[in-house]
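In: got a structure for you, letters missing:
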Ligand code: GAR
């Protein structure tokens, strides 16, 4: 199995799906550690319930991004992590992590990138009155939701949709798509699709 780390700061539904699939052998990965930057995040309880170690930190306790990313890289190397999976980690990845894990950091985003990057992607799609939005899995670079795209799946927006209903449709797709893409990555050679 491939040793992976998941970075998450929110409710942790993607974390939970991936960790449970790994536990049951449906995903040939070991989730070695959760990295979390929010003290009250629900995802931490999910990690505890599954017995997965957590490294949680507050960015404001460190002088700069490099300082906390160095500590994260140390922890990831201790755990033998080979692939970093971002699942609702709402923070830009800096050079320290990018250089330690070149082409080995992936992210999921709730829109069809390059549309609606950043925060509140679901609300952005509603505001734009698009008829189709979706989910993107991509390699992470220094930009905000800008790296090479690995997979996308469309989700239809209806006139009845509000942020809750659309988010729930998008998350159902995420919970299926992300584990499938991770499995593809760990089965094949992990390489950048485009450069
Ligand atoms: C997911 O929908 C993910 O796509 C989004 O955060 C949510 C986390 O949900 N990520 C971004 O918006 C990244 N820019 P979860 O904590 O329930 O997995």
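Out: Thanks, I have it. Treat the numbers as computed from the prediction; the structure is a model and nothing was measured.
In: interface residues of this protein facing the ligand?
Out: The chain has residues 8, 10-15, 43, 87-88, 108-110, 121, 145, 171, 174 near the ligand, with proximity defined as CB under 6 Å from any ligand atom. In this view, the C-beta of every residue, glycine as well, is placed from N, C-alpha and C.
In: separate out the buried members of these.
Out: Neighbour-count burial (16 or more other CB atoms under 10 Å) applied to the residues of the chain next to the ligand gives 8, 10, 12-15, 43, 87-88, 108-110, 121, 145, 171, 174.
In: so residue 163 versus the ligand, what's the distance?
Out: For residue 163, the distance to the ligand (CB to the nearest ligand atom, to the nearest Å) stands at 12 Å.
In: now the longest helix that the chain contains: buried residues?
Out: The residue-count maximum for a helix in the chain (DSSP state H) belongs to helix 163-187. Neighbour-count burial for helix 163-187 flags 166-167, 169-171, 173-175, 177-179, 181-183, 185-186 (criterion: 16+ other CB under 10 Å).
In: how far off centre is that helix?
Out: Between the centre of helix 163-187 and the centre of its host chain there is 10 Å, according to CA atoms, centre = their mean, to the nearest Å.
In: picking up where we left off before, strands - which of the residues of the chain next to the ligand land there?
Out: Among the residues of the chain next to the ligand, DSSP state E puts 108, 109 in strands.
In: quick revisit: which strands and helices sit next to the longest helix of the chain?
Out: Judged by 3 or more CB pairs under 8 Å, 6 or more residues apart in numbering; DSSP states H and E, helix 163-187 is in contact with strand 2-7, helix 13-23, strand 83-86, strand 105-109, helix 121-127, strand 132-139, strand 149-156.
In: off-centre distance for the shortest one?
Out: In terms of CA atoms, centre = their mean, the gap separating the centre of strand 83-86 from the centre of its chain is 7 Å.
In: repeat for the first one
Out: Per CA atoms, centre = their mean, the displacement of strand 2-7 from the mean C-alpha position of its chain is 10 Å.
In: ok, now the fifth one?
Out: With CA atoms, centre = their mean as the basis, the distance from the averaged C-alpha position of helix 121-127 to the chain average is 19 Å.
In: so for it, what gets flagged as buried?
Out: Result for helix 121-127 [16+ other CB under 10 Å]: buried residues 121, 122, 124, 125, 126.
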